[in-house]
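*Asks:* Okay, sequence plus prediction incoming.
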Amino acid sequence: MEQAAGGRLSDVAKSATETAQPQSAHAAPQEALPHWSLAPSTWPGADTPASYPARAKRARARVQVWPAWQACLQALSHYDPDHVYDPGREYEEDWTTDPTYRRDGVRLYRFDREGYLIPPGSFHSRFIDLGLRTLCLVLGSRVCREPDLHFPSRLGQDLGLLTQRGEPRRLVVPDLAVMPPSWTLSEARERTVDERIIRMDGDDPAPELVVEVVPRSTEAKDFEDNLSLYAALGIPEYLLIDTGEFKTDPNMWLFRRAATDGAYRMAESGLTLTACGVPMRLRPAEVPGNVPVFQCRDPDTRHWHDYEGSIERRGEVHTALQVLDAVLPALSPTDRARIEASWLEAGLPAAAVQRILALQGEPDRWRELLATPFAGSGTNESEHQPAIPPREPR
C-alpha cells in the first residue's frame, strides 16, 4: 500500500504548530495542519474523489500560503530545487500527479474525470507500451516512451503555458516520440532515463512525430496547449489516439504542421491513417475489455505488424519448424533459415502443420506447399513464387 503524504505533511505541520499528530497512509489530514490546502486533494485508493473545481480551488489557496507549501515540498526526500513545482499538482513521498516529475520510487497517478486517482499499469499504460514496441518493429529503436521534452521557458511564457502560480512551463512529457534516425539505438532495448531526455532548449532535434493516447483525465485545455506547443516546437506531426477505453469508439486523429504558418491542420482521422510515412491502424481486441490492437505496416514488405502478434507468430513458427525438421531432416540449413525468415515476416501459410505433414509423400514440393516466396540454392527466385498465399498477420 502506498504511503500517503499525510505522514510527511503532518511532520512539517508539527514542527510549525507543535500539536499535529502523524497521519496514517491514505488518512485524511489532521486539523493541526497550518493550512487545509497543504494536504493532498485526495489519495490513492481514497473513496472520495477530488473534482476539478475543488483541485483548482486548492491550487489557488496554495499560492496564498506559498512559503508554507514550499516548506512541505522541501521536506520531501526527493526535493529538487530546479524543478518548477505546480500548486495544481500533488507531490508526495512516493507518488505524484505531475507527469514531468521523474524521481526514483515516486509513482505517477492521474486523475480521472470524476476526480479519482488512476493507478499506474492501467489500460492506458498497457496501450502505450504495446504502441512503443509496435512502432519499433517498423521504425527501429528510435522511438521514446514518455520522454522528458524540455523547451525554452520563454516559449511557455509566449504561449501562456503557465503553472497555477503563473510560472512558465518548460517541460512536457508526450506518451511517445519518434526521433530522427540519428537517435536510433544500436540494439533493441529500453532507453535509460538519460536517453529519454530531449533538450529542445538546447541542440537536440525535434521529434518527427509525437503520439498521445487520450486518458480519461485529459482536459480540453491540455489538448489545446499541446497542439500549440508541439507546432511551435516545429514537430511535423502530432497523433492523438482514443483507445475507446471509456465507452467511446476508438479513433485516431493526425495533425500535420502547415508550411505556410507553422500551425497544425487536421490531416487524417479514422481507424487507419499514415503518420511518419508509415500506415497505422487500430483493430478490435480479440478479447473484449482488452486494449485494441495497434498495427503498423512495413512500407517495404507491406505486411502489418503488432508486437503481441509478433510474439505469437514466433511461437507458431517455432512449432512449425520442429515439425518440419522431423519431416524433412535433409533440408539444407540455408533453406531452413530462409523458410524461418519468410514465416516470421509474412506469417505461416494456412494449415501450415498439415502442409508440412503432406511433404512426407512429396518432399520435392516443399516450396509450393509451404508457400515460401524464394527458391532454393542455385535457382532463380522468380521461378518459384508461392502458389498458396500466406495468411495475413493479425
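*Replies:* Happy to help now that I have it. Residues are numbered from 1 along each chain as shown.
*Asks:* gap between residue 39 and residue 310?
*Replies:* 47 Å (CB to CB, to the nearest Å). In this view, the C-beta of every residue, glycine as well, is placed from N, C-alpha and C.
*Asks:* ugh, typo on my part, it should be residue 346
*Replies:* 12 Å.
*Asks:* which strand residues sit across from the nearest residue to residue 248 once chain neighbours are set aside in the sheet?
*Replies:* Distances taken as CB to CB, 6 or more residues apart in numbering place residue 242 nearest to residue 248, at 6.0 Å, with adjacent residues excluded. Beta-bridge partners recorded for residue 242 (DSSP bridges): residue 251.
*Asks:* if you average pLDDT over stretch 152-161, what comes out?
*Replies:* Mean pLDDT, stretch 152-161: 94.
*Asks:* Work out which residue lies at the spatial centre of this protein.
*Replies:* Geometric centre of the chain, nearest residue: residue 128, 2.9 Å, by CA atoms, centre = their mean.
*Asks:* three-state assignment of it?
*Replies:* For residue 128, the assignment made with DSSP: H, G, I helix; E, B strand; the rest coil gives helix.
*Asks:* Over to residue 274?
*Replies:* Once three-state DSSP is applied, residue 274 turns out strand.
*Asks:* so where's this protein uncertain?
*Replies:* Across the chain, residues meeting the criterion (pLDDT under 70) sit at 1-34, 113, 119-122, 215-221, 246-247, 287-288, 371-394.
*Asks:* Can you report how many residues lie near the residue nearest to residue 248?
*Replies:* 18 (other CB atoms under 10 Å).
*Asks:* Contacts only, for it.
*Replies:* Listed by CB atoms under 8 Å, 6 or more residues apart in numbering, the contact set of residue 242 reads 213, 214, 248, 249, 250, 251, 252.
*Asks:* Quick check: PyMOL command selecting the buried ones in the residues you listed.
*Replies:* With 16 or more other CB atoms under 10 Å as the criterion, this PyMOL line picks the buried residues out of the contacts of residue 242:
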select buried, resi 213+214+250+252
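*Asks:* Show me the strands in the stretch 101-250 of the chain, by range?
*Replies:* Using DSSP state E, counting those that start in this stretch, the strands assigned to the stretch 101-250 of the chain run over residues 107-108, 110-111, 117-118, 143-145, 148-150, 171-172, 176-178, 197-199, 209-213, 237-242.
*Asks:* before we move on, back to that, with adjacent residues omitted, what lies nearest to the residue nearest to the centre of the chain?
*Replies:* Excluding the flanking residues, the one nearest residue 128 by CB to CB, 6+ apart is residue 175, at 5.0 Å.
*Asks:* hang on, isn't the one you found packed against residue 214?
*Replies:* No - the pair residue 175 / residue 214 is not scored as a contact, 9.7 Å apart, by CB atoms under 8 Å.
*Asks:* returning to what we had before: any idea how far residue 176 is from the residue nearest to residue 248?
*Replies:* Taken as CB to CB, the span from residue 242 to residue 176 is 15 Å.
*Asks:* sorry, back to before: can you add distance to residue 84 and give the strands of the stretch 101-250 of the chain back as TSV?
*Replies:* Formatted as TSV, these follow (distance: least, CB to CB, whole Å):
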stretch	distance to residue 84
strand 107-108	17
strand 110-111	19
strand 117-118	22
strand 143-145	22
strand 148-150	11
strand 171-172	8
strand 176-178	21
strand 197-199	16
strand 209-213	21
strand 237-242	23
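*Asks:* Domains in this structure, by residue range?
*Replies:* 6-118, 123-302, 309-383 (automatic domain parsing).
*Asks:* so how far is the longest one off the chain centroid?
*Replies:* Taking CA atoms, centre = their mean, to the nearest Å, one finds domain 123-302 lying 8 Å from the centre of the chain it belongs to.
*Asks:* For residue 265, the count of nearby residues, please.
*Replies:* Counted with other CB under 10 Å, residue 265 comes out at 12.
*Asks:* if I read this right, it contacts residue 259, doesn't it?
*Replies:* No - the criterion here is CB under 8 Å, and residue 265 misses it with residue 259 at 10.4 Å.
*Asks:* hmm, back to that, neighbour count: residue 39 and residue 310, which is higher?
*Replies:* Applying other CB under 10 Å to residue 39 and residue 310 shows that residue 39 carries more neighbours, namely 22 against 15.
*Asks:* how close does the more buried one sit to residue 74?
*Replies:* For residue 39, the distance to residue 74 - CB to CB - is 16 Å.
*Asks:* Could you do residue 286 as well?
*Replies:* 50 Å.
*Asks:* Also residue 104?
*Replies:* 18 Å.
*Asks:* neighbour count winner among these two?
*Replies:* residue 74 (10 against 6).
*Asks:* related to what we said a few turns ago, just curious, which of the contacts of residue 242 is nearest to residue 148?
*Replies:* residue 213 (17.8 Å; CB to CB).
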